[in-house]
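1. Please work out how this folds:
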Amino acid sequence: MKRTLIRIEEADDPRIAAYRDIRERDLVGRQGRFVAEGRVVLNVLFSTSRFSAESVFLRENRVDGLADLIEHIPEDVPVYVASGAVMDQIAGFEIHRGILAIGKKPETTGNELLDTLPAQALVVALSGISNHDNMGSIFRNAASFGAAAILLTDDCCDPLYRKAIRVSVGATLKVPFARISDPDALAGALESRGFSILALSPRGGIDIADVERTPRHALLLGSEGHGLSQDVMDRLPTARISMADDFDSLNVAAASAIALHRLWRG
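-> Coordinates of the predicted model:
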């Protein structure tokens, strides 16, 4: 049966209110909702049971090439279609991809997420990551190297911010994540469940290449610049990525890729 598409003719149509002024609402939040953008991201959205979608909004000239995507959209999720001019007016800027959806954020605590993990699991723990590009890249790396979950302290930015989702190529919708208040609480929650925690820093004690992977291992990463606090560094085993003598640091996303690859192969 052919899917019914709902035509939107006016920018003030209340049915697409959630898509109005996207950039401004990126900044103020969406009360438990997020915007997914692009074919790849929507394919992930509709292939995972972790998220549900409220609606989909497509530019009319993209519809013919999206039959495979539309086929996987649940029947109870309305699919709206508009001309490019109307869609751009609604969004507040030119939507080049012309493929959007509104998703609902899951409600899961860090402790609840940890209790669902298998006996062998690699976890990424993040503290103070405030850059959405870095957040998206870390999630992409985590998905690439088999991380079972990501834990974030409360001062981390939102992985479901539109840019973070896009940079992650949908990995923020694929890798389970949840928050735990601060680094001490995060470390305690991991340790109480048998995880070996490794804090990565340019000041780390051993080279990441020499780390022995354990069945339950967690990699802790801090923000660029400030990095992890001295208290955290004193509490946990630490590792570094060795590099040329005249340079001492990598972008946190690049560092996560190297370290996760080592632990994944280990």
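
2. Distance-wise, check the most centrally placed residue in the chain relative to residue 230.
-> When the chain is reduced to its mean C-alpha position, the closest residue under CA atoms, centre = their mean turns out to be residue 172, at 2.5 Å. In this view, residue 172 and residue 230 are 30 Å apart by CB to CB, to the nearest Å. From N, CA and C alone the C-beta is placed, and that goes for glycine too.

3. element containing residue 96, please.
-> Using DSSP states H and E, no element contains residue 96; it sits outside every helix and strand.

4. And the pLDDT for it?
-> The per-residue pLDDT reported for residue 96 equals 84.

5. Also residue 222?
-> Among the per-residue scores, residue 222 holds a pLDDT of 90.

6. excluding its backbone neighbours, what's nearest it?
-> residue 228 (3.7 Å; CB to CB, 6 or more residues apart in numbering).

7. what's the answer for residue 41, then?
-> Distance criterion CB to CB, 6+ apart; nearest residue to residue 41, sequence neighbours excluded, is residue 170 at 4.3 Å.

8. Verify the stated contact: the one you found with residue 44.
-> Yes - contact status for residue 170 versus residue 44: in contact at 3.4 Å, counting by CB atoms under 8 Å.

9. between these two, who's got more neighbours?
-> Under the neighbour definition other CB atoms under 10 Å, residue 170 and residue 44 were set side by side, and residue 170 has more, 25 against 22.

10. Look up how far residue 45 lies from the more buried one.
-> From residue 170 to residue 45 the distance is 7 Å (CB to CB).

11. Just the mean pLDDT for stretch 45-63, thanks.
-> Per-region confidence: stretch 45-63 scores 92 on mean pLDDT.

12. Same check on stretch 121-134?
-> Mean per-residue pLDDT for stretch 121-134: 96.

13. One more: stretch 25-35?
-> Over the span of stretch 25-35, the pLDDT mean works out to 74.

14. about what we covered before: contacting residues around the residue nearest to residue 222?
-> When the contact criterion is CB atoms under 8 Å, 6 or more residues apart in numbering, the partners of residue 228 are 127, 183, 199, 201, 220, 222.

15. Residue 83 too?
-> The neighbourhood of residue 83, defined by CB under 8 Å, 6+ apart, consists of 59-60.

16. for residue 254, phi and psi?
-> For residue 254, the backbone dihedrals are phi -60, psi -40 (criterion: degrees, to the nearest 10).

17. tell me the pLDDT at it?
-> 95.

18. Let me know the distance separating it from residue 102.
-> When distance is defined by CB to CB, residue 254 is 32 Å away from residue 102.

19. So for the two, which sits in the more crowded spot?
-> Between residue 254 and residue 102, counted using other CB under 10 Å, residue 102 has the larger neighbour count: 19 against 15.

20. quick check, the more buried one in a strand?
-> Yes - the assignment for residue 102 by DSSP: H, G, I helix; E, B strand; the rest coil puts it in a strand.

21. Give me the distance between the nearest residue to residue 89 once chain neighbours are set aside and residue 96.
-> By the measure of CB to CB, 6+ apart, the closest residue to residue 89 outside its immediate chain neighbours is residue 11, 4.2 Å from it. In this structure, residue 11 and residue 96 are separated by 18 Å, where distance is defined by CB to CB.

22. Fine by me, we can end here.
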